[in-house]
Each structure stands twice: as structure tokens, then as C-alpha cells.
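# give me a 3D structure for the following:
(2 chains)
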Amino acid sequence: MKKTQVVIIGGGVTGAGILWDLSLRGIHAVLLEKKDLANGATGRCHGLLHSGGRYVVKDAEAAKECISENLILKKIAAPCVHDIGGMFVHVRGDDPQYVEQWADGCKRVGIPTEELSRDQALNLEPNLPPDIVKAYTCPDGHIDVFQLTLANIESAVSRGAVFRAYSEVTGIELDGKRVTGVRYRDSNTGEEDSIQCEIVINASGGWAQQVAAMAGVEVPVRCDRGALLIFNHCLTKRVVNRCRKPGDADILVPCGPVCILGTSSVTVPGPEGLTVPPEEVQKLLGLGVELIPPLAEARLLRIFTGARPLYVPKSVAGAGGREVSRNFALLDHESSDGITGFMSIVGGKLTTYRLMGKATADLVCQKLQINQACITDQVPLRDSAGAEVLKQAQKWMPAAAIEKAHRRLGSRLAMVVGAIERDPKLAEIVCECELVTRSELELVLGSSAQVPVQTIGDIGRRTRLGFGPCQGTFCGYKAMLAGYQNHKWSGERASQLLETYLDDRWKGQAWVPDGKQAEQLSLSQDLFDTSYNFHKRSEVSHAG
Amino acid sequence: MRGDEFDILVIGEGLSGITAAAAACQQGSRVMLASKGPGTFVLGTACIDVSGLDADASGLGTNEVEKAISFFLELTAAAGCAYEGGIEERRLVPTVMGTFAEVSLAPRSLWKGDPRGISKAVVVGIENVFAFDANFVAERLSVYCEDMGLLNSYRGVTVRLPQSQHQHWLTPLEIGSEVDRNASFREALIAALKPLARNADLLILPGILGLNSTDDDVGELEDVIGCAICELPTVPPSVTGLRLLRRLESYLAAKGTEICTGFSVLKLCMKGDQCTGAMLETPGKPRTIHAGSVILASGKFSHLLEDEAVVNAKNVLECGSVVGKCEPRHGNAVAIVSGYQAGMLTNQRGVQYARQ
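Purely as a prediction, here's the structure:
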């Protein structure tokens, strides 16, 4: 039986942010995640760092939070944020009145924008439709969600916090009406264990209802599914938003070598087993082409979907997915349900994750009677590597690979480059699309990794391996062999992991209607199924 | 222009296109084989599974299956890249994933890997060639053999071969190329394999034994080290596949087929309901090929299939994955049979531009 002060349930960016905040306040905490970090909504979103523009007309409060957090994150999480800026475009035919309301709203809330004429906008973003009316700039950005979550967890771990992946909470222990701990199951070994604690924080997003039910508490969270399309091209330099009442497929976010179009809004019963019907893909594509016409010719890499966990108090229970506020709510179950030591943090969005962490940690401090202020807006999440290291890296790695690895690793780039210095074969580029070196692969597989990996997909979340056009067909195989050679996995385990990994990679590609990626998928399946008799393809259904 | 006039134009040089070209060429037609790249040879293992193939459902005559397969066996033997097996055969071949795939025909060097004829095998890896792991393959093959009640032992060994100082990791393609060009590298390979062969009845290697080697070369190597060898096609690009293609290409070229590789087909030219040939995307200006018949073996993803007039043209025949649907495991069998049929059919149209 282990003991700590606080147990956080859910390894999304919210849980990670809470872990980091608590660690800075000197509070001992353990984060339990049933799969790997960023497995839920965090890893299945645009990765948009909102300027607040999207909410400015309908929800000024949310917009204010966004712009203030936007500026903080650009400062404290610089390596995880691409400060590319954004644009709101008035597409011909869209309501001009909304555009005016939008511009006024930005002024009121304090979001810096600049009006652009049609020609100015087209000059900045030539792939916009040539007949747009006008556009506005805004300080949107792109967040690498995996790196942001990882950076929070790594920083917390280096201050003594504990992160346990693949540990599914099976029960919340109560002594009368007081929380005394949680039980969890190691999903690899099936072994059960428990941790004693004073406070349990439910930060499990779409799973919040299930988790709360373990303490006999109801939380009103609704899962709202959105589908996103990843294209293998970077068609714009900045985030492009369609300036109209928020709807489907009106945001395109460039993320390094790819861009992501989304999204949709469909109420679903829960966060798992989500599928995307072909009609929805066609609809999103059609709308995307209205905003960025060259998307019609772009190679669609894969389609993914996740569920926004919306906080829907009874008063607004009748509202549609887009009408529900994106504000978060911190539910103190002691005051609302009489359960001492239990709280749920629900709703909210990626951009405000730090604020959610702050509010939660504030309440924890109050409960534990600890007088420590939040300083997450002051402390950078990741240190940069020194100029020396970057120079040394140039000897071994392509410039683009250095930039990417530096963002992912910060000062730990020195370890990757140092290992290559000692053994030059580690300079091999294992994932050619995302330029991941064997050295970085070894680092995340090795025992010195602060947040260890257990599957090939976990490697992808640390390094972006397998995120490019081959979708893991070649680099997933190489990563499997690397894990085997490292004695991390037995031959049997390595084979199982590759099967699971391929299933996941094939699934998102199978939803792609046609084009080059269908060819790529056919290659992957013909290889591993027919040629190697390794892994049978299963028909992926749209309707599911 | 005589140089651009052919009886038959075959587009695509996968298994199907190669077989079609060979069948067309053997009866005296002037044949051009045009392709954008090396086809599926470099991707898969080129093993063929005929068992359970429903010839009627795939639009193939049963009689033709037998004829086509024996034609293919003769073709590959004559080209120096012999296949083993036949329609009735079932054989297990090991793969780089450490599994066994059941096949009817396979290139000779793969055929020897059936676990039922051996007892002690050594899987040989090469240091710094990361696309293959000998221990992984040995460990997995042992498990599968145990499941089948076989007592085979597979041992993984990784050997060190001389390599350039400036090259820290190698691909199977680079090793294959060294085997072709560098006599001292071949000596070193033999020296590394000999001691392993002493205590084994089969050496399993990643596909590395040369891009240009023939069956005789591999046979000689077996004689020198005194042990049978089985190669495993690595993840693409596979040396064994490329070797097959090169052998077949040289053979076809020697028989008078003109081979034009590296250029896409811009479009097929139509006149009425006849296809008169194709425009190839050659540098400078497109090259126009005139042909009496066209065989489309360009794969199911070919853009050429989008033109309905082409697909419906009387003198255009399709073969390979372009035709109908079949179980994925039968893809190569259908490729060969439909390629053979297309090659034979076009010949019936008569020879206008006979080879000199």
C-alpha cells in the first residue's frame, strides 16, 4: 500500500497541468492514466492555441481566458507552441454582420487584430479563395499537444511527482463520506494495487462520469464527437478560421509538415469506440475546400476523432454541442455531494488547461491548508539546449531534424547528440517523415526516459514517429525491432505490440475515401497480411 | 517511325506485366514493356499462392491456370531466377516477421526455408543492418515450430562484415550492391558464414545476396560454405525482388522486348474505339508509342483506369490487380495467370511489326 497526498485520475493535458502545478507547490501527487498520456481528447484535437477569436461573439468570458492563457503559454511552453499567428477570413457569402460583431468583440475583449484587405490576405495566404471579402489577423498558434502534456509530466516528475501510465482506476476508497484512496489495475499485468491519499482529483475528461460514479457522485459531462482530417501538406502558414458562427470544418491548423482540418460536433454516448461515417468525411472535405480550395487536391493522410468532454449543467441540458460553453467547471464534491476529498475538473479546453490546473491546485491547497500560490505562469516548462549542443548536432543531423528534436527534447537534445558522438550509427533517421533519429528512439526506449514508453504508439506520442505518410508501416517495424533489441520487449510482446499499432494506424487511414493514402494502406496491408502472414487485416467499418 | 511502333505495348512491370510481355514476345510479336518504376517486385516477397483460387470467380479458366503457372516456371528458370513448387504444392516459407507463410510457389532461395525438411537452422543477421533482426526472427520461428509440433531449433547470430569507415549503418540494398561489386566483401561474407554452417542444415539470411546474382551464383555460395541458404525478403525495397526483376528484364530484353522504365504514361491515345498507343512522360518532349494492342498491367491504383474509353477499347486488355476482385493472398497468382492470358490473347491479333 502506497501513500501520497493527492491522486489525479486522467493523463490528458488537464491532469498533467495539475500534476505540475501541485509539484511546484510542494504537494506530493500521483497521476494515474489508464492508457498513455494524451490518450483522450487531448491527443485528438486540432492542437489550436486559441486567441479567443472563436468565442468572442458568443462567450466573451471564454475569449478573455483564451487570450490571457495564449500569452502565458507562448512564454512558458515556447518549445511546444508554434507561434504562427492566425487569420479570420470573411468568405464571400458569409454573414457580414457576424464579421462586424466579431471585430467589435475582439476590441472589447482585448484580442489584438488587424484588418486585412482581400489582396493583403491573399498575399499572406495565397491558398485562400481568391474572392474572399476581407480577413483579420489574430494571435492564434499551434500547440504540439503530446509535447505539452509530456513537458508538464516530465517537469513534475523531475520534482518528485509520479506518473503511472496503463494504470486504470477501478475504485475510489471511502471511509464513510471521506475519500481515503484509489484502487487501480496495471493493464499490462492485470495486477491490482491501491494508493492511500487525502484528495482524489477526477480529471478524466470524457470518462469523468464513470470515475465520479465510483464515489457515488454524478457529474454532468456530455461527450461531443468531432472528426478531424490530416493532410500531408502545409497549405497555410498560419491558422485559418472562417469568420462566421462556429460550425463544421471552419478551422485549418498547420502543424509542422501537415495540416489539420476540423471539426464536427455530434453528441455521442461515451468517449470510446468512436467512428466517422463517410458522409461526415465528405461534408467536412466540402466545407474545407470552401475555405482552402487546394485541399481538394491534397493528400489526405488519416482521419481521427475524439470526444470533447463538455460540462453541461442541468440548466443548459437542452443545448446543442456548439451552444454549450467551453468554460471549465471545478466541482467540489464536498460542498455539492458531501464527499470529502473528492473533486472533478470538467469542461474547458486545451488553451485553458493551465488555468484549470491552477484552479484545481488552489482548491487542493485550501483543503490541505497549504499556503502556496500558483507559479505555473512564471516557470518555463522546458529548457533550451545550449548553442554548443546545437552546433555539435549540425555535424550529425539535418537542420530540420535538429529543429524538431530540439522542440521535443529541449536541453535533453544534448543526450541525443552526445550518444551519437559516442556511437555514430545512432544518427540513422528511423522515421523519415518526422526525422526521428535512432538516438532519440533509444532515449525514449531507455531507462533514463522520465516518462517511459510501453507501446509503439507511446513512442509516436513522444517523438511523432509514424505520424507521416507511411503511417508507421516502415518506422513502426523499426521501432518494434529497436524495443526488442533493447530487451524492453520479448519477441512475442514486440509482435503483439506491432499488431496493435498497425490496427490503430490502419483504422484512421481506412476512413480516407481514396487517393494516395488508400494506396499506402494497401501496401501496408499487403505486406503485413499477405506477404508476411503476420497480421490479418480486419474490415474497418464506417458505421461501426 | 519504326523504333516507336510495336505490336504490343505492356504497361507496368509487376509480376503480371512481366508475364504478359514474356507470353506476347515468345510468339514473335514486337513488344514494348513500359513502366514508371520497378512494380511490386521490390515490395512483397513475390511468393505465389494458388491453393483455393477460384479460377472462374476471378475470370480465369482453370486450364489456363495450369498453363500459365508452367509457363511462369519455365520463364523464371530460363531467366536464371527459378521458382520452385507448383499448383498442388503447399510449402511454408519463413518471413522477416518471424512467421511462416503458406505458398504454392516461391523463388528457389526462399523455398528451402520450409521447417519440415530441416532440424537446425541459424538465422544470420548483419551488424548495423537494422532492417533485420536475427534473434527476433529465430525466437519467433521457434515458437511457431513448437506450435506445429516441430522440434526445429533456430539460433540467431549477428555477424560483422567489413564496411566503409564513413558509413555507420547500412541498408540491405547497400549490402546487396557490395556483394555484386566487391570480391573481398564476398570473401568476408563467406568467411563469416562458414563457421555457422558447420553445425546447421540451413542458414537463413536477410535478402542480401546481390542484386545481379543468378541461381547459379547462390548455388555456388551454398557449395562453398557447405550448407543450404534461405533468404528472407526484407521490408521494401527488397533485394530478392529487385534481383528477380533484373533477371527477368535481361531475359526479356535478350528475347527482343524493348524495355522502357522510369517514365509515367501521360495518356493512352485513342482513335475511335481503338487505342493506338501511349504517350510517355519522357524528358524534353513526350515519346509517343504506337501499338496494335495494349496490355494494362498498371495496378489497381493506376490513373489510366479513370478513362472509360480506354478501359472499353477493343484492343486494350487488362491484367493483374486491375482485373476483378480476389482474395489478397491470390493476388500474385491472378497476376501471373491474367498476364499470361493477356499476352497470349494479344498475339492472336497477328504480328505486324515482327522482330528482326
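
# which strand or helix spans A:Leu228?
Using DSSP states H and E, A:Leu228 maps to strand A:221-231.

# pull up the pairing partners for that strand, direction included.
According to DSSP bridges, strand A:221-231 forms sheet pairs with strand A:258-262 (antiparallel), strand A:266-268 (antiparallel), strand A:300-311 (antiparallel).

# quick one: contacts of the second one?
Pointing back at strand A:266-268 there. A:Arg222, A:Cys223, A:Asp224, A:Arg225, A:Gly226, A:Leu274, A:Glu280, A:Ala307, A:Gly321 (Cβ atoms under 8 Å, 6 or more residues apart in numbering or on different chains). Where C-beta positions appear, they are placed from N, C-alpha and C, glycine not excepted.

# quick one: it to chain centroid distance?
Taking Cα atoms, centre = their mean, to the nearest Å, one finds the center of strand A:266-268 at 20 Å from the center of the full chain.

# avg pLDDT for the strand holding A:Leu228?
Averaged over strand A:221-231, pLDDT sits at 96.

# stretch B:221-229 now?
Per-residue scores along stretch B:221-229 average to 96.

# what comes up buried for that stretch?
Residues of stretch B:221-229 classed as buried: B:Leu221, B:Glu222, B:Ile225, B:Cys227, B:Ala228, B:Ile229 (neighbour count, 16 or more other Cβ atoms under 10 Å in any protein chain shown).

# surely B:Ala309 and B:Gly272 touch.
No: at 9.6 Å, B:Ala309 does not count as touching B:Gly272 under the criterion of Cβ atoms under 8 Å.

# who's more crowded, these two?
Using other Cβ atoms under 10 Å in any protein chain shown as the criterion, B:Ala309 and B:Gly272 rank with B:Ala309 on top: 12 against 9.

# any chance of CSV for the buried residues of stretch B:221-229, columns secondary structure and distance to chain A?
Listed next are the buried residues of stretch B:221-229 as CSV, based on DSSP: H, G, I helix; E, B strand; the rest coil; distance: Cβ to the nearest Cβ, whole Å:
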residue, secondary structure, distance to chain A
B:Leu221, helix, 25
B:Glu222, helix, 25
B:Ile225, helix, 26
B:Cys227, coil, 24
B:Ala228, strand, 22
B:Ile229, strand, 20
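
# just flag the most distant two among these.
B:Leu221 and B:Ala228 (10.5 Å; Cβ to Cβ).

# list the buried residues of stretch B:140-148.
For stretch B:140-148, by 16+ other Cβ under 10 Å, it's B:Arg140, B:Leu141, B:Ser142, B:Val143, B:Tyr144, B:Cys145.

# among those residues, which are in reach of chain A?
Filtering the buried residues of stretch B:140-148 for neighbours of chain A using Cβ under 8 Å from any Cβ of the partner chain leaves B:Arg140, B:Val143.

# out of the buried residues of stretch B:140-148, name the ones that lie in strands.
Among the buried residues of stretch B:140-148, none falls in strands (DSSP state E).

# about what we covered before: in CSV: the strands paired with strand A:221-231, plus mean neighbour count.
Output for the strands paired with strand A:221-231, formatted as CSV (neighbours: other Cβ atoms under 10 Å in any protein chain shown):
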stretch, mean neighbour count
strand A:258-262, 25
strand A:266-268, 16
strand A:300-311, 24
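
# possible to save those as TSV with mean pLDDT?
Output for the strands paired with strand A:221-231, formatted as TSV (pLDDT from 0 to 100):
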stretch	mean pLDDT
strand A:258-262	94
strand A:266-268	96
strand A:300-311	95
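
# dump the ones you listed into JSON lines; add distance to B:Leu211 as well.
Shown next, in JSON lines, are these (distance: least, Cβ to Cβ, whole Å):
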{"stretch": "strand A:258-262", "distance to B:Leu211": "35"}
{"stretch": "strand A:266-268", "distance to B:Leu211": "53"}
{"stretch": "strand A:300-311", "distance to B:Leu211": "32"}
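
# hmm, A:Thr170 is touching A:Arg185, no?
Yes: at 5.2 Å, A:Thr170 and A:Arg185 qualify as touching, with contact defined as Cβ under 8 Å.

# what residues does the stretch 101-250 of chain B have near chain A?
So far as Cβ under 8 Å from any Cβ goes, the stretch 101-250 of chain B lies against chain A at B:101-102, B:128, B:130-131, B:133, B:135-136, B:139-140, B:143, B:168-169, B:233, B:235-236.

# let's see that with 7 Å instead.
Where proximity means Cβ under 7 Å from any Cβ of the partner chain, the interface of the stretch 101-250 of chain B facing chain A comprises B:Ala101, B:Asn128, B:Phe130, B:Asp133, B:Phe136, B:Glu139, B:Arg140, B:Val143, B:His168, B:Trp169, B:Val235.

# cheers, nothing more for now.
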